[in-house]
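In: return atomic coordinates for the entry below.
(chains A and B)
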There are 2 protein chains.
Amino acid sequence: MSEEKKLSVQAMTDWASRCLEKQGATQDVAQAMAKHLVAGDLLGFRTHGLLRLRYNLQALQSGQTKPSGRAEVLQQRAAIELWDADLLSGLYIVPQAVARAIEMARECGTGTVIVRRTQHVAALAVYLEQAVAAGMLIQMMCSTPAQEVVAPYGAKSACFSPNPFAIGAPTQTDPILLDMSLSMTAAGKVRTALAEQRQLPYAALITPAGDYSCDPATFVADPPSVLASLGGKELGYKGTGLNLFSELWTLALSDYGRQDALEADADANTVWLQVVDPTALAPAGAFEQQASALVAALQNADPIDPQHPVRVPGAGALATRRRQVEHGLEYSAATWRQLLWCAEFCDEPLPTVATAQ
Amino acid sequence: MSEEKKLSVQAMTDWASRCLEKQGATQDVAQAMAKHLVAGDLLGFRTHGLLRLRYNLQALQSGQTKPSGRAEVLQQRAAIELWDADLLSGLYIVPQAVARAIEMARECGTGTVIVRRTQHVAALAVYLEQAVAAGMLIQMMCSTPAQEVVAPYGAKSACFSPNPFAIGAPTQTDPILLDMSLSMTAAGKVRTALAEQRQLPYAALITPAGDYSCDPATFVADPPSVLASLGGKELGYKGTGLNLFSELWTLALSDYGRQDALEADADANTVWLQVVDPTALAPAGAFEQQASALVAALQNADPIDPQHPVRVPGAGALATRRRQVEHGLEYSAATWRQLLWCAEFCDEPLPTVATAQ
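Out: Residues are numbered from 1 along each chain as shown, chains lettered A, B, ... in the order given. Model prediction:
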């Protein structure tokens, strides 16, 4: 940890926002993008925090991400809307979609927004608490029509994008926050293992020869390996079913599939998000009480290893955020090098390091 | 296969319906129950077909399943309703809930019904095509508040019920039908392995000592083993997250958790079902075209074993149904013994075997 940097959350958010503005983003777009990238860092989603600032700056510069504008509502009924984000950043558009879904849920009990053509949303986890703070449940899925990296069960070639799946729900104390991929691992984790020159902890890749592999080098070979669906060699048909669920509910419902996606879409995502208002079904507070009972059941389960009690989804992320809010944002040396590149690219000096340990 | 029986679908359905009426079910209840149990057999869900007739007859006789009545709508908004089924069979109530969800989806774009206290629903797969036939997508989850059989990740004791997850979606040809458990295997499959005196194909059980095991005998030992969440030893936190998703969206949203369930609830389920009308978002036919493109991508993936092309969820079940519709319902000797028990219990002789091979 000797090289780790600790920085003020506000200073880093403001710095990132200035950088994004220098690449053309309007102030509201830049602030939303910076805020939600830093939110990823705070929750410990290191591959989807400011490590992705460089990508976002370059995508603004190249025009791949639009610097300003509005999403268009293409279709709607009382409890569902389809938006086209016109290649604005998901970091800016998704919070607006969550807000609209909350409104619909207040009216109809559930509210759903499907957003197509929104540039890279980063971590779905950062959008969950907006709904939870309104006392609501949220479920999110996301796919990428211009990408195929995940193999269906029984195949050695890919037909799915890496598809994250996330939920958020209020309890009487901390919210439940889950954000996971429907593949055995995420592409970012494979690239991190490659950079750190280590094997994956389990065989999450399938080589062109059809073998399950732990070796991240196969992922950048030519031809490359592909990611296995959740469930792996024995139960991969379940992960395949879940990936198909994600892509039917995102790509097919939005009528924007792989055959429609343009090369210019690049990392543009299609997002399904649905909010449920529990007070449509039970008195205020009842849901939180029931959710807390489920959390208690998890916590009271008899651990295989007494040193490792069962974890509640989100508890680790919230602890990571509390630590960083108190002591400063933590950046690895590798991420810091990327931020130095951004500082130079935008001629915006990085904030002073609060604490160097 | 020498002992396998082949029988007329109509004759078996009528026979099962007569048996159910003899245990007090009104004609409409009995017909719906028989129809949906036989539908499970037709799709090849052998553990959730007429093999469960004996259970249903006994539950009617004991009063555990109510023989007649209506579900009560406890709460509603435009796009969601909470029903209490008063211990009527799910085989009777769930189709009514799907019909209501379809109506709400026509109006609002999505329609959701949560049904609590409905006696055992059997296979979720049998309810999917009702929505698909209306041109809609459906997602279903189901939990059992009086049961704890599935362990969360890192635990050797259970806190979840076996929670199935199902989707249905129309394409330009056969529908996509998925019905899977969120654990590594289902309790019925463990009991079948035990009856057939064979090991499970993978370590889906966790023993009281905390070891993953393939041995179904551990499941009926004292103390018993428990089912592992999907993802197993390496990625079980994902299955745990999905089980929590299921139980938050069923038990917590219906305000009827494990602390509320009575012993008399027994196998009573809580069902979340949601229907989406794709024509709320795109012209008629667009969804089916996009879904067919996703199916084609699955089918065109390069198989690891050229003898085993990638399977589309539901294709096997639909082929099993076509075969049985043409040649007769197929029953194993073990299931036939259960049906003979039912015939005697109800004094309703079984239909003549159409073909004995």
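In: what helix or strand is A:Pro313 on?
Out: Using DSSP states H and E, A:Pro313 sits in no helix or strand.
In: how near is it to A:Asn269?
Out: Using CB to CB, to the nearest Å, A:Pro313 is found at 22 Å from A:Asn269. Just so you know, the C-beta spots here come from the backbone N, C-alpha and C atoms, and that holds for glycine as well.
In: same question, A:Leu20
Out: To A:Asn269, A:Leu20 is 18 Å away according to CB to CB.
In: so what's A:Val9 closest to, chain neighbours aside?
Out: Take A:Val9 and drop its neighbours on the chain: the residue closest to it by CB to CB, 6 or more residues apart in numbering or on different chains is A:Leu329, 5.7 Å away.
In: how about the contacts made by the one you found?
Out: Residues in contact with A:Leu329, defined by CB atoms under 8 Å, 6 or more residues apart in numbering or on different chains, are A:5-9, A:12, A:38, A:41-42.
In: which neighbouring elements make contact with the helix ranked longest in chain A?
Out: Assignment by DSSP state H gives helix A:90-108 as the longest helix of chain A. With contacts taken as 3 or more CB pairs under 8 Å, 6 or more residues apart in numbering or on different chains; DSSP states H and E, helix A:90-108 sits against helix A:27-42, strand A:80-84, strand A:110-118, helix A:125-133, strand A:269-276.
In: doesn't A:Gln338 belong to a helix?
Out: Yes. Under DSSP: H, G, I helix; E, B strand; the rest coil, A:Gln338 sits within a helix.
In: including mean pLDDT, mean neighbour count and distance to B:Leu339, could the helices and strands packed on helix A:90-108 go into CSV?
Out: Converted to CSV, those look like this (pLDDT from 0 to 100; neighbours: other CB atoms under 10 Å in any protein chain shown; distance: least, CB to CB, whole Å):
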stretch, mean pLDDT, mean neighbour count, distance to B:Leu339
helix A:27-42, 98, 22, 57
strand A:80-84, 98, 23, 45
strand A:110-118, 98, 28, 42
helix A:125-133, 98, 22, 49
strand A:269-276, 98, 27, 42
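In: figure out which of those is closest to chain B.
Out: Checking those against chain B by CB to the nearest CB gives strand A:80-84 as the closest, at 3.2 Å.
In: show me where the stretch 101-250 of chain A has its helices.
Out: In the stretch 101-250 of chain A, the helices defined using DSSP state H, counting those that start in this stretch lie at A:125-133, A:187-195, A:232-247.
In: between these, which one is closest to chain B.
Out: The nearest among the helices of the stretch 101-250 of chain A, by CB to the nearest CB, is helix A:232-247 at 4.3 Å.
In: list the helices and strands that closest one packs on?
Out: Partner elements for helix A:232-247 (3+ CB pairs under 8 Å, 6+ apart): strand A:137-143, strand B:164-169, strand B:176-181, helix B:286-300.
In: specify the angle between it and strand B:164-169 in degrees.
Out: Counting by axes from the mean of the first three to the mean of the last three CA atoms, to 10 degrees, helix A:232-247 lies at 50 degrees to strand B:164-169.
In: next, the buried residues of helix A:232-247.
Out: A:232, A:235-247 (16 or more other CB atoms under 10 Å in any protein chain shown).
In: mean confidence score for it?
Out: Taken as a whole, helix A:232-247 has an average pLDDT of 97.
In: what's that helix in contact with?
Out: Contacts of helix A:232-247 (CB under 8 Å, 6+ apart): A:141-143, A:150, A:152-154, A:160-161, A:163, A:165, A:182-184, A:202-204, A:212, A:228-231, A:272, B:139, B:167, B:176, B:178, B:180, B:184, B:201-202, B:230, B:232, B:235, B:294, B:298, B:310-311, B:313.
In: is it possible to mark the buried ones in the residues you listed?
Out: Here, 16+ other CB under 10 Å leaves A:141-143, A:150, A:152-154, A:160-161, A:163, A:165, A:182-184, A:202-204, A:212, A:228-231, A:272, B:139, B:167, B:176, B:178, B:180, B:184, B:202, B:230, B:232, B:235, B:294, B:298, B:310-311, B:313 buried among the contacts of helix A:232-247.
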